[in-house]
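> can't give you the sequence, but here's the structure:
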């Protein structure tokens, strides 16, 4: 049975507000972390069929990323440069407090016609927390804190006067005005562990997962759907999946680019990244968190983007995107080597093919009814 949905698949791109690009390799990456490059990129993206941009959150240098612009203020700058694009600001509970985030995002929503959302990152980089003097919690405790963070933030946005008693956050008759413009901002979150999926099935609007095969993605989606019923959630968690796009005129060209990325990988940096992320992923009780089973090749792209296999011709990539949609994806989060050129190429060559395939699938479903 097909899981194809009538709602068109959404497309997002990683905002390169962190230096070094999205692969840990010495291959040329025509991208830049600065604001001028990113303003132009945001405009290219919204003109070429992208719905969202996701800003990154990093506090310290390392693993090829020496410079990082703060995500919330950078997201505001991109929103100011565009008219339709939604921007998702990534934040870390711990450095952020729910009251601060709620106020920041509400203000930005009034300045940008309600086009701002948030991505709650529970944390993978222990060294980063240590460097800024933040406590490093056990794996499941990080997700428990994130869930309280989401509940408290949403409560600030929706309730006239919030009273909240949690283990990490407490509010006493707290009233914040103005409330966000254009509805409550959407709450995204990442993760692949049981704790991440449980949190998504209870409180999040969107669940981001690392790159995966359609079968691997479907297993996560099926688990979330079952948990939603168990927890009595009254709305459907939407699913976003990471992917790294290498789209070329021929499959041979695309595969050659992938080979060059891997051949020019920086072993010390990849292995250092592997140590940090697998320490975080393996810390889950079931040892199934993000990156827990990632190979060296997977980790050359920070979020297992090669595993989604969006590598080939526009036609091949569009077909594979539809396979992921059938598996339950509502959004594909794209990374590229050369962001401005490749976002435009992807929008002109791949997204129209995806729309054609979606229309064909919808027609087939209607004919079968």
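Received it, and whenever you're ready, just let me know what you need. It should be emphasised that the depicted structure is a prediction, and the values quoted were computed from it without experimental measurement. Numbering: from 1, shown residues only.

> only C-alpha atoms from now on, for both contacts and neighbour counts.
OK.

> which residues does the residue lying closest to residue 231 once chain neighbours are set aside contact?
Leaving aside its chain neighbours, residue 231 sits nearest to residue 202 (6.3 Å; criterion: Cα to Cα, 6 or more residues apart in numbering). Residue 202 makes contacts with 228, 231-233, as judged by Cα atoms under 8 Å, 6 or more residues apart in numbering.

> what do you get for residue 82?
42-43, 46.

> quick revisit: take the contacts of residue 202 and keep only those in helices.
Within the contacts of residue 202, residues falling in helices by DSSP state H are 228, 231.

> the residue lying closest to residue 338 once chain neighbours are set aside - how many residues pack around it?
Among residues not flanking residue 338 along the chain, residue 30 sits closest, at 4.5 Å (Cα to Cα, 6+ apart). By the measure other Cα atoms under 10 Å, the count of residues near residue 30 is 14.

> which one of the contacts of residue 82 has the most neighbours?
Neighbour counts for those, by other Cα under 10 Å, peak at residue 42, which reaches 26 neighbours.

> buried residues of the host helix or strand of that residue, list them for me.
Using DSSP states H and E, the element containing residue 42 is helix 35-47. Within helix 35-47, the residues that count as buried by 16 or more other Cα atoms under 10 Å are 38-39, 41-47.

> for that helix, give the mean pLDDT please.
What helix 35-47 shows for mean pLDDT is 98.

> same check, this time on stretch 6-24
94.

> then stretch 209-224?
On average, stretch 209-224 scores 96.

> list the contacts of that stretch.
Residues outside stretch 209-224 that contact it (Cα under 8 Å, 6+ apart): 190-192, 197-198, 200-201, 237, 239-243, 290, 303-309, 323-324, 326-329.

> do stretch 174-184 as well
Residues outside stretch 174-184 that contact it (Cα under 8 Å, 6+ apart): 103, 105-107, 109-110, 113-115, 154, 156-163.

> which of these fall in helices?
Using DSSP H, those in helices are 103, 105-107, 109-110, 154, 156-158.

> for the residue most central in space within the chain, what are phi and psi?
Centroid-nearest residue in the chain, with Cα atoms, centre = their mean: residue 208, separated by 5.1 Å. Dihedral angles phi and psi of residue 208 (degrees, to the nearest 10) take the values phi -90, psi 130.

> in this protein, what secondary structure element scores lowest on mean pLDDT?
Using mean pLDDT, DSSP states H and E, helix 267-282 stands out as the lowest-scoring helix or strand of the chain, at a mean of 68.

> ok so, going back, and the contacts of residue 202, which is closest to residue 73?
residue 233 (32.1 Å; Cα to Cα).

> would you check that the closest one makes contact with residue 201?
Yes: applying Cα atoms under 8 Å as the test, residue 233 and residue 201 come out as touching, 6.9 Å apart.

> more neighbours: these two, which one.
residue 201 (28 against 16).

> helices or strands up against the helix or strand harbouring residue 141?
According to DSSP H and E, residue 141 maps onto helix 139-158. Counting contacts by 3 or more Cα pairs under 8 Å, 6 or more residues apart in numbering; DSSP states H and E, helix 139-158 packs against helix 98-111, strand 162-165, helix 194-202.

> apply 10 Å and report the result again.
Applying 3 or more Cα pairs under 10 Å, 6 or more residues apart in numbering; DSSP states H and E, one finds that helix 139-158 contacts helix 98-111, strand 116-120, strand 162-165, strand 170-174, strand 187-190, helix 194-202, helix 267-282.

> out of those, flag the one nearest residue 354.
Among those, strand 187-190 sits nearest to residue 354 (Cα to Cα), with 23.7 Å.

> from the chain's centre, how far out does the closest one sit?
From the chain centre to the centre of strand 187-190 is a distance of 7 Å (Cα atoms, centre = their mean, to the nearest Å).

> report the rounded mean pLDDT for that strand.
The model assigns strand 187-190 a mean pLDDT of 96.

> wait, residue 260 touches residue 24, no?
No: Residue 260 is not in contact with residue 24 according to Cα atoms under 10 Å; the separation is 11.9 Å.

> who has more neighbours, these two?
The neighbour count for residue 260 versus residue 24, taken as other Cα under 10 Å, is higher for residue 24 (24 against 14).

> nearest spatial neighbour of that one, chain-adjacent residues omitted?
Per Cα to Cα, 6+ apart, closest to residue 24 is residue 300, 5.1 Å.

> residue 347 too?
Closest to residue 347 by Cα to Cα, 6+ apart is residue 48, at 4.6 Å.

> can you pull out the strands in the stretch 201-350 of the chain?
206-209, 238-244, 246-247, 311-312, 331-335 (DSSP state E, counting those that start in this stretch).

> same list (the ones you listed) but as CSV, adding distance to residue 219.
Shown next, in CSV, are the strands of the stretch 201-350 of the chain (distance: least, Cα to Cα, whole Å):
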stretch, distance to residue 219
strand 206-209, 12
strand 238-244, 12
strand 246-247, 25
strand 311-312, 23
strand 331-335, 17
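
> any idea of the pLDDT on residue 1?
pLDDT, residue 1: 39.

> residue numbering should commence at 3 henceforth.
Okay, using 3 as the starting number, the last item reads as residue 3.

> as a markdown table, the helices and strands packed on helix 141-160 with distance to residue 368 would be great.
Listed next are these as a markdown table, based on distance: least, Cα to Cα, whole Å:
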| stretch | distance to residue 368 |
| --- | --- |
| helix 100-113 | 38 |
| strand 118-122 | 34 |
| strand 164-167 | 46 |
| strand 172-176 | 50 |
| strand 189-192 | 32 |
| helix 196-204 | 30 |
| helix 269-284 | 42 |
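
> since that was my last question, I'll sign off now.
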